[in-house]
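S.K.: here are the coordinates; sequence isn't available:
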């Protein structure tokens, strides 16, 4: 996913075909629900998101989870579907931070079963991320944000959906392990 | 010979004295102003608006207009001469100068320059509601001004006695002080969002003959410089207003208009914290292997 974002950043003319575009998605261009996460609005936006996704994804992948590939495939769809439902007035969207949030939450949840001190780090990270999302939602932080001259509003739904997806995935994997 | 010379000199002196006297008896001060308070609250002197929370629909549609003068229009529909300070053309130029600085903000969708003719003297918020319907603006920037021009005669004005001096010697000292005030109102809630003044002071001189012309030029320059300072003031107040909106969400409600662009963006702080978490994980994995 991180590599895809870098490729799209190097070929910006693809961005218009890949970006999350609500009206295009509703008229049948469903691939945008997945590829929209690759589109970024500035170098700073790309670097922050790719770094976050790369680190969080590495922490999860290093544990060798059997269904991590499925998570990478399904999570972008879930996040975009949440945006379609809960942000009906948002026409365009881009960025990996929804997925990065999902990875980070998943890494922290997986770390709860590890030995300290990593378990404590994960225990601190979870309420920290929850607090950040609640703060964004409550204060509307980021409503006057510009990203390279593009007028944008930070999509809080993506972060919430990412966190919910990670929680659901972790619970499902736990259930599968217990059944096995 | 001596008698006729004396008579001629005396007549000349009387003429010069008359010319200087006319100027002495003329006005030394010109004051022009319009009042935002008269426009908004003239009909309701004791009125107090109920507390309400402004709803800001981003991106904003902004209107900008000069407050009309207090006197009603004449039969021809023209404003009286006390508004001859600024012609409609000059007002539109000033509004263009101010608007150009704010069009680039991402949360400003459009800025409409509204001619003064569309505003009713003492029209108040009812008039602003009509403008809102007409132009589709949510927020209004109301410009009011106060300009005072002083004109005094310096020592060089003694040369007016020569008659020629009145044409060539700049014996008039002019001082033009201008204040241009911009108040930004949310029309629906009648709430003043923020305001800023722009001040200027123009000093100049003129001959007796071209005094009016020079005063007009000073007046125009005074307004242009005040508009430049007003833009700086508005930008500062706008930044403070943005901080206020973020820090006191109970006072302002921000709503996103349909068609906005969203960004799933990780901030620098969150990325740095994640980097810290990653470094901690890496250190623990190495310790385990060791």
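M.R.: Arrived safely, thanks for sending. Predicted, not measured: the structure shown is a model, and the values here were computed from it. Residues are numbered from 1 along each chain as shown, chains lettered A, B, ... in the order given.
S.K.: Remind me which helix or strand the residue lying closest to residue B:275 once chain neighbours are set aside belongs to.
M.R.: Closest residue in space to residue B:275, ignoring its immediate chain neighbours: residue A:55 at 6.5 Å, by CB to CB, 6 or more residues apart in numbering or on different chains. Yep, even glycine has a C-beta here, placed from its N, CA and C like the rest. Secondary structure assignment for residue A:55, by DSSP states H and E: helix A:43-61.
S.K.: same thing with residue B:53?
M.R.: Using DSSP H and E, residue B:53 falls outside every helix and strand.
S.K.: Residue B:252 is in contact with that one, correct?
M.R.: Yes - using CB atoms under 8 Å, residue B:53 is in contact with residue B:252, at 6.6 Å.
S.K.: Which one of those two is surrounded by more residues?
M.R.: Comparing residue B:53 with residue B:252 by other CB atoms under 10 Å in any protein chain shown, the one with more neighbours is residue B:252, at 19 against 13.
S.K.: which other helices and strands contact the longest helix seen in chain B?
M.R.: The longest helix of chain B (DSSP state H) is helix B:211-247. Here helix B:211-247 touches helix B:88-100, strand B:139-153, strand B:172-186, strand B:191-206, going by 3 or more CB pairs under 8 Å, 6 or more residues apart in numbering or on different chains; DSSP states H and E.
S.K.: just checking, what packs against the longest one?
M.R.: In terms of contact count using 3+ CB pairs under 8 Å, 6+ apart, strand B:191-206 is assigned the packing partners strand B:172-186, helix B:211-247.
S.K.: again, but for the shortest one
M.R.: In terms of contact count using 3+ CB pairs under 8 Å, 6+ apart, helix B:88-100 is assigned the packing partners strand B:60-66, strand B:108-113, strand B:139-153, helix B:211-247.
S.K.: got those as TSV, with mean neighbour count columns?
M.R.: What follows is those, written out as TSV (neighbours: other CB atoms under 10 Å in any protein chain shown):
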stretch	mean neighbour count
strand B:60-66	22
strand B:108-113	18
strand B:139-153	20
helix B:211-247	17
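S.K.: outside of the helix holding residue A:55, which residues touch it?
M.R.: A:1-2, A:5-6, A:9, A:40, A:68, A:71-72, A:95-97, A:99-100, A:103-104, A:106-107, A:110-111, A:147-148, B:263-268, B:270-271, B:274-275, B:277-278, B:281 (CB atoms under 8 Å, 6 or more residues apart in numbering or on different chains).
S.K.: Where does the prediction get shaky in the stretch 151-290 of chain B?
M.R.: B:249, B:256-261, B:267-268, B:289-290 (pLDDT under 70).
S.K.: where does chain A have low pLDDT?
M.R.: For chain A, applying pLDDT under 70 flags the ranges A:65-66, A:138-153, A:180.
S.K.: Now do the helices in it.
M.R.: Applying DSSP H to chain A gives helices spanning A:2-10, A:15-18, A:22-26, A:32-35, A:43-61, A:68-86, A:97-111, A:118-139, A:156-179.
S.K.: Indicate which one of those helices is closest to residue B:187.
M.R.: Nearest to residue B:187, of all the helices of chain A, is helix A:118-139, at 25.1 Å by CB to CB.
S.K.: In terms of secondary structure, what does the closest one contact?
M.R.: Against helix A:118-139 (3+ CB pairs under 8 Å, 6+ apart) you get helix A:97-111, helix A:156-179, helix B:268-289.
S.K.: In contact with residue 167, which residues?
M.R.: No chain in the question, so chain A it is. Residue A:167 touches A:105, A:109, counting by CB under 8 Å, 6+ apart.
S.K.: hmm, I had chain B in mind actually
M.R.: Per CB under 8 Å, 6+ apart, neighbours of residue B:167: B:207, B:208, B:209.
S.K.: I'd like to know which of those are buried.
M.R.: Among these, those buried by neighbour count (16 or more other CB atoms under 10 Å in any protein chain shown) are B:207, B:208.
S.K.: Let me know the closest of the contacts of residue B:167 to residue B:221.
M.R.: The closest of the contacts of residue B:167, once distances to residue B:221 are taken by CB to CB, is residue B:207, at 17.9 Å.
S.K.: I figured that closest one hits residue B:174, correct?
M.R.: No - assessed by CB under 8 Å, residue B:207 is found out of contact with residue B:174, at 11.3 Å.
S.K.: pLDDT score assigned to the closest residue in space to residue B:58 that isn't next to it in sequence?
M.R.: Spatially, and ignoring its direct neighbours in sequence, residue B:58 is nearest to residue B:107 (5.0 Å; CB to CB, 6+ apart). Residue B:107 carries a pLDDT value of 74.
S.K.: so residue B:107 sits right up against residue B:62, yeah?
M.R.: No - at 10.0 Å, residue B:107 does not count as touching residue B:62 under the criterion of CB under 8 Å.
S.K.: near chain A, which residues of the stretch 51-200 of chain B show up?
M.R.: B:58, B:59, B:104, B:106, B:107 (CB under 8 Å from any CB of the partner chain).
S.K.: If we only consider those, which is nearest to chain A?
M.R.: Nearest to chain A, judged by CB to the nearest CB, of these is residue B:106 at 2.9 Å.
S.K.: related to what we said a few turns ago, okay, the helices and strands packed on strand B:191-206 in TSV with distance to residue B:156 next?
M.R.: Shown next, in TSV, are these (distance: least, CB to CB, whole Å):
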stretch	distance to residue B:156
strand B:172-186	9
helix B:211-247	13
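S.K.: and of these, who's closest to residue A:161?
M.R.: That would be helix B:211-247 among these, by CB to CB, at 23.5 Å.
S.K.: Following element in sequence after that closest one, please.
M.R.: strand B:253-256.
S.K.: Adjacent strands (with direction) for that next one?
M.R.: In the sheet, strand B:253-256 lines up against strand B:55-58 (parallel) (DSSP bridges).
S.K.: average pLDDT across the strand it pairs with?
M.R.: On average, strand B:55-58 scores 78.
S.K.: buried set for it?
M.R.: In strand B:55-58, counting by 16+ other CB under 10 Å, buried: B:56, B:57, B:58.
S.K.: now the first one, nearest residue through space, not along the chain?
M.R.: Once its chain neighbours are removed from consideration, residue B:56 has its nearest residue in residue B:254; the separation is 5.1 Å (CB to CB, 6+ apart).
S.K.: Quickly note the distance from that neighbour to residue B:57.
M.R.: Between residue B:254 and residue B:57 the computed distance is 8 Å (CB to CB, to the nearest Å).
S.K.: Next: residue B:36.
M.R.: The value you get for residue B:36 to residue B:57, if CB to CB is used, is 24 Å.
S.K.: likewise residue B:177?
M.R.: From residue B:177 to residue B:57 the distance is 39 Å (CB to CB).
S.K.: and if you look at residue A:43?
M.R.: Distance, residue A:43 to residue B:57, by CB to CB: 30 Å.
S.K.: go on, residue B:33?
M.R.: 34 Å.
S.K.: Cool, thanks, signing off.
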